[in-house]
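# Dropping the sequence and predicted coords here.
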Amino acid sequence: MTGLVEAGRSAFRRALARVGRGWSKMQERRPLSYDLLESDDSYLVVFDAPGVRGEDLNVTFLDRTVEVQLDRFRGFYDGYEMLFPGRGVSLSGSAELPRDADVTPQGANATLTRNGTLQVEIPKTEDARDVEVVEEDGPDEEDDPVEEDALDDED
């Protein structure tokens, strides 16, 4: 009877591992989540990158796009064996930036934080930073009189 129980456990573990590997592959096909933020001088793209070390991270720039590829390591835990390998280990994502982003490696800055986020800061182009916004005044009341009859019709 013990052999039958062990065979059942073994079959269950193989099935669980197979499902976990499938789940992991699905996660690897899904692009990394990110936020895009803007300041007066730059854009900040924040990617979720838990479990990644700096040497396992690649940030590239293509046109107006920031592309991120990362490999994370599954740690080993003494006394434990992997049953469900459900976290993807090779993840990637990209973020398209507005036209005024100066997408060059020289101006960009990438920071991997301790809490597992990757922050990529991209400056705005000089032209965009120097643009002066001028608000136009609306028409003076004297220049654009409202006819009293028109107001009476609205009631």
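Happy to help now that I have it.
# so residue 102 makes contact with residue 123?
Yes. At 4.8 Å, residue 102 counts as touching residue 123 under the criterion of Cβ atoms under 8 Å. Quick note: C-beta positions are derived from backbone N, CA and C, even for glycine.
# ok, and what's touching stretch 37-44?
Contact with stretch 37-44 is made by 36, 45-46, 97-98, 101, 119-124, 129, as judged by Cβ atoms under 8 Å, 6 or more residues apart in numbering.
# Strands of this protein, residue ranges please.
For the chain, strands defined by DSSP state E occupy the ranges 34-38, 42-48, 57-62, 65-71, 90-96, 109-112, 117-123.
# Please identify which of those is closest to residue 9.
strand 90-96 (30.2 Å; Cβ to Cβ).
# re the thing from before, redo the strands of the chain as a markdown table? Include mean neighbour count and mean pLDDT.
Converted to a markdown table, those look like this (neighbours: other Cβ atoms under 10 Å; pLDDT from 0 to 100):
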| stretch | mean neighbour count | mean pLDDT |
| --- | --- | --- |
| strand 34-38 | 14 | 95 |
| strand 42-48 | 20 | 93 |
| strand 57-62 | 14 | 88 |
| strand 65-71 | 18 | 90 |
| strand 90-96 | 17 | 90 |
| strand 109-112 | 15 | 90 |
| strand 117-123 | 19 | 92 |
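# Adding distance to residue 82, write those out as JSON lines.
Shown next, in JSON lines, are those (distance: least, Cβ to Cβ, whole Å):
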{"stretch": "strand 34-38", "distance to residue 82": "29"}
{"stretch": "strand 42-48", "distance to residue 82": "22"}
{"stretch": "strand 57-62", "distance to residue 82": "24"}
{"stretch": "strand 65-71", "distance to residue 82": "17"}
{"stretch": "strand 90-96", "distance to residue 82": "17"}
{"stretch": "strand 109-112", "distance to residue 82": "25"}
{"stretch": "strand 117-123", "distance to residue 82": "26"}
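# how about these, which one is nearest residue 18?
Taking those one by one with Cβ to Cβ, strand 90-96 is closest: 18.6 Å.
# Listing partners with orientation, what would you give for the closest one?
Here strand 90-96 has these sheet partners by DSSP bridges: strand 65-71 (antiparallel).
# Tabulate the CA atom coordinates of the partner strand in PDB.
Coordinates of each C-alpha in strand 65-71 appear next as PDB, following Å, rounded to 0.1, in the frame of the first residue of the first chain:
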ATOM      1  CA  THR A  65      11.100  52.800 -26.900                       C
ATOM      2  CA  VAL A  66      12.800  51.600 -23.800                       C
ATOM      3  CA  GLU A  67      13.300  47.800 -23.900                       C
ATOM      4  CA  VAL A  68      14.000  45.800 -20.800                       C
ATOM      5  CA  GLN A  69      15.100  42.100 -20.500                       C
ATOM      6  CA  LEU A  70      15.900  40.500 -17.200                       C
ATOM      7  CA  ASP A  71      16.800  37.100 -15.900                       C
END
